[in-house]
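J.: Kindly return the folded structure for what I paste below:
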Amino acid sequence: MASFGRALPTWLRNSPMLASILSTGRSELLVDFQSAGCCSCGPKGFATALPQRGPPTPGKGPAIPAKIPGPRTPGLQPSGSRYQGPVLRRQELYGTVFIQSTSNNTILTLTDRQGNPKATVSCGSMGFKNARKSSTYAAEAAATQLAQKAVSIGFAKVKLKVKGIGYGKQAAVRALGKAGLRMSSIEDVTPFPHNGCRAPKKRVV
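T.: Numbers count the residues shown, from 1 in each chain. Got it, this is the predicted structure:
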């Protein structure tokens, strides 16, 4: 009985009800009191509510996962974390489209800022032959094909440099705008002589 009293907490050992039970020496009352329990412990009783501590067992504790060596980068974050790293956006390129319109054909060339050619389309490469190469419809088809290639490569905005006196010059410029290619400027670079070379002799029929 005394050992059971020492196992209880201080506030329970000092209660007058438990003191009267221990002083009477009647074990049946103690059993009834343990089975009845209280409002906080429930019907299990005070003794069963106490934590049962066994002898300490030797061990090294829980295993700690090894850390990733090296600096922490967004790409090494676990998949379950909220931060999944920065969203990689496609780099926007800026280039130049050269439109050379002659009386027989229309040639379009796409270059980057350094002048390196990236794509070239002409009316002849689109399948037009003979006199149809110089038509406005052929120039529109070639310009649409070049605009699609520019967008697929990653060009967001281009400058236009137009050269020549052909009919497909204006048609190609309109087709590039309709295809969704943004144009920052349009420049006419057709050479104009200032009394330079002598003109060829006129044909006499």
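J.: Look up how far residue 167 lies from residue 132.
T.: According to C-beta to C-beta, to the nearest Å, residue 132 stands 12 Å off from residue 167. Quick note: C-beta positions are derived from backbone N, CA and C, even for glycine.
J.: Residue 152 now?
T.: When residue 152 is compared with residue 167 (using C-beta to C-beta), they lie 28 Å apart.
J.: who has more neighbours, those two?
T.: The neighbour count for residue 152 versus residue 167, taken as other C-beta atoms under 10 Å, is higher for residue 167 (16 against 9).
J.: got the CA positions of stretch 106-125 in PDB?
T.: Provided in PDB are the C-alpha atoms of stretch 106-125 (Å, rounded to 0.1, in the frame of the first residue of the first chain):
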ATOM      1  CA  THR A 106      11.300  37.500-103.600                       C
ATOM      2  CA  ILE A 107      13.900  36.300-101.100                       C
ATOM      3  CA  LEU A 108      13.600  36.600 -97.300                       C
ATOM      4  CA  THR A 109      16.500  36.000 -94.900                       C
ATOM      5  CA  LEU A 110      16.400  35.900 -91.100                       C
ATOM      6  CA  THR A 111      19.600  36.800 -89.200                       C
ATOM      7  CA  ASP A 112      20.500  37.300 -85.500                       C
ATOM      8  CA  ARG A 113      22.100  40.500 -84.100                       C
ATOM      9  CA  GLN A 114      25.500  39.400 -85.200                       C
ATOM     10  CA  GLY A 115      24.400  38.900 -88.800                       C
ATOM     11  CA  ASN A 116      24.500  35.100 -88.800                       C
ATOM     12  CA  PRO A 117      21.800  33.700 -91.100                       C
ATOM     13  CA  LYS A 118      19.200  31.500 -89.300                       C
ATOM     14  CA  ALA A 119      16.600  30.800 -92.000                       C
ATOM     15  CA  THR A 120      16.100  31.600 -95.700                       C
ATOM     16  CA  VAL A 121      12.900  31.300 -97.800                       C
ATOM     17  CA  SER A 122      12.200  32.300-101.300                       C
ATOM     18  CA  CYS A 123       9.300  32.100-103.700                       C
ATOM     19  CA  GLY A 124      11.200  29.500-105.700                       C
ATOM     20  CA  SER A 125      11.800  27.300-102.700                       C
END
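J.: List the neighbours of that stretch that are in contact with it.
T.: 93-101, 105, 132-135, 138-139, 141-143, 145-146, 149-150, 153, 155, 158, 166, 168-169, 172 (C-beta atoms under 8 Å, 6 or more residues apart in numbering).
J.: do that again at 6 Å, thanks
T.: 95-100, 105, 133, 138-139, 142, 145-146, 149-150, 168, 172 (C-beta atoms under 6 Å, 6 or more residues apart in numbering).
J.: Show me those that map onto strands.
T.: Among the contacts of stretch 106-125, DSSP state E puts 95-100 in strands.
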